[in-house]
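>>> Give the three-dimensional model of this entry:
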Amino acid sequence: MLAAASRLADAEIDTPQLDSAVLLAHVLSVSKAWLYAHPRRQLTKDEIGKYEALVRRRMCHEPTAYLIGYRSFYGLDVTVDRRVLIPRPETEMLVERVLAHLKEMIGEGQTPRVVDVGTGSGAIATAIAVNVPQVVVYATDVSEDALQVAAQNVWRYGLGEQVQLIPGDLLDALPRGLRRAGLPEPVDVIVANLPYVATPALQGLARQVRDYEPILALDGGPDGLQVIGHFFRSLQTPAGRGMLRPEARLYLEIGMDQGAAARAIAESAFPEARVEVHVDYAGLDRVVQVAT
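I've put the predicted structure just below:
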């Protein structure tokens, strides 16, 4: 493991010791704690071969989450592969905001309806459904590949009755999907983690992001706000307004310096709404919240 960590460090991997341990634990199907408690465990020839192959791939900056097949997110192990974006810790703040509101609604005797737009791996929809069993979540994505991964996570946590996956771009397929699911009524909460990286900035991303994660889930257009702008414009139409119940809430993740611009877009779409920008623990813009 020390030799692997040294090789990863030489390849300019930021967390060589952690990654070498995670990969070895994965090969042995044990926890990192077990690994450190048994430092003299001898590897078989087959285990050495598997470990060596994973280390070589990590040296090429392939993300560890793709190598082991999952990423921890909000207390869950979310299945991921190269078809979907890897869930980030920063997105847990988005989930926290949504859960707090949903639990408040349930405490008032309401039965909230939630839509997760651009669900990707289904991490957000899964985290919401696991933590609020009373809620049904309708998760949309334009990528059929992403929905296949999301379906694995829905199955993994036994949420087939609670999370409904709907193919389509942003909100375009939502009315038809809701009717098909037997729910033509408007929804209470829309949550979205849409692409928000400006196209010119893509080449400056870390290699493990730029070279491996799906561009479709990253590229937010020339200013990073193209997809978010399209999302809000779709809600300005009569059909869009018809998707929302009175006093519905919108929660969107944004880039660390997009607060003012995202607020302006939201206020233009919902001039009567209360729009707030919440910062993360590092003091960076992270969530725009719209109370209609």
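>>> Show the residue spans covered by the helices in the stretch 101-250 of the chain.
Using DSSP state H, counting those that start in this stretch, the helices found in the stretch 101-250 of the chain span residues 123-131, 144-156, 174-180, 207-210, 226-236, 238-242.
>>> And the contacts of the last one?
Read that as helix 238-242. Leu171, Pro175, Pro186, Ser234, Leu235 (Cβ atoms under 8 Å, 6 or more residues apart in numbering). C-beta here means a position set from N, CA and C on the backbone, and glycine is covered the same way.
>>> what does the fourth one give?
Surrounding helix 207-210, the residues in contact under the criterion Cβ under 8 Å, 6+ apart are His61, Glu62, Pro63, Leu202, Gln203, Leu218.
>>> again with stretch 264-275
Contacts of stretch 264-275 (Cβ under 8 Å, 6+ apart): 225, 228-229, 232-233, 235-236, 250, 263, 288-292.
>>> what angle do the longest strand seen in the chain and helix 226-236 make?
Assignment by DSSP state E gives strand 244-253 as the longest strand of the chain. Between strand 244-253 and helix 226-236, the angle comes out at 170 degrees (axes from the mean of the first three to the mean of the last three Cα atoms, to 10 degrees).
>>> And the contacts of strand 244-253?
So strand 244-253 is contacted by 90-91, 94, 97-98, 101, 113, 185-194, 196, 228, 231, 235, 262, 266, 286-292 (Cβ under 8 Å, 6+ apart).
>>> out of those residues, which are buried?
Buried by 16 or more other Cβ atoms under 10 Å: 90-91, 94, 97-98, 101, 113, 187-194, 196, 228, 231, 235, 262, 266, 286-290, 292, out of these.
>>> circling back to that earlier point, wait, which of the helices of the stretch 101-250 of the chain is closest to Phe73?
Evaluated with Cβ to Cβ, the helices of the stretch 101-250 of the chain place helix 123-131 nearest to Phe73, the distance being 4.8 Å.
>>> Show me which residues of stretch 50-66 are buried.
Quick answer for stretch 50-66 (16+ other Cβ under 10 Å): Lys50, Tyr51, Leu54, Val55, Arg58, Met59, His61, Glu62, Pro63, Thr64, Ala65, Tyr66.
>>> which one of those is nearest His26?
Leu54 (7.3 Å).
>>> The closest one and Ser29, how far apart?
Remark: distance between Leu54 and Ser29 (Cβ to Cβ, to the nearest Å) = 13 Å.
>>> Save the buried residues of stretch 50-66 as a markdown table, and put in distance to Glu213 and secondary structure too.
Putting the buried residues of stretch 50-66 into a markdown table (distance: Cβ to Cβ, whole Å; DSSP: H, G, I helix; E, B strand; the rest coil) gives the following:
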| residue | distance to Glu213 | secondary structure |
| --- | --- | --- |
| Lys50 | 24 | helix |
| Tyr51 | 24 | helix |
| Leu54 | 18 | helix |
| Val55 | 20 | helix |
| Arg58 | 15 | helix |
| Met59 | 18 | helix |
| His61 | 11 | coil |
| Glu62 | 10 | coil |
| Pro63 | 7 | coil |
| Thr64 | 13 | helix |
| Ala65 | 10 | helix |
| Tyr66 | 9 | helix |
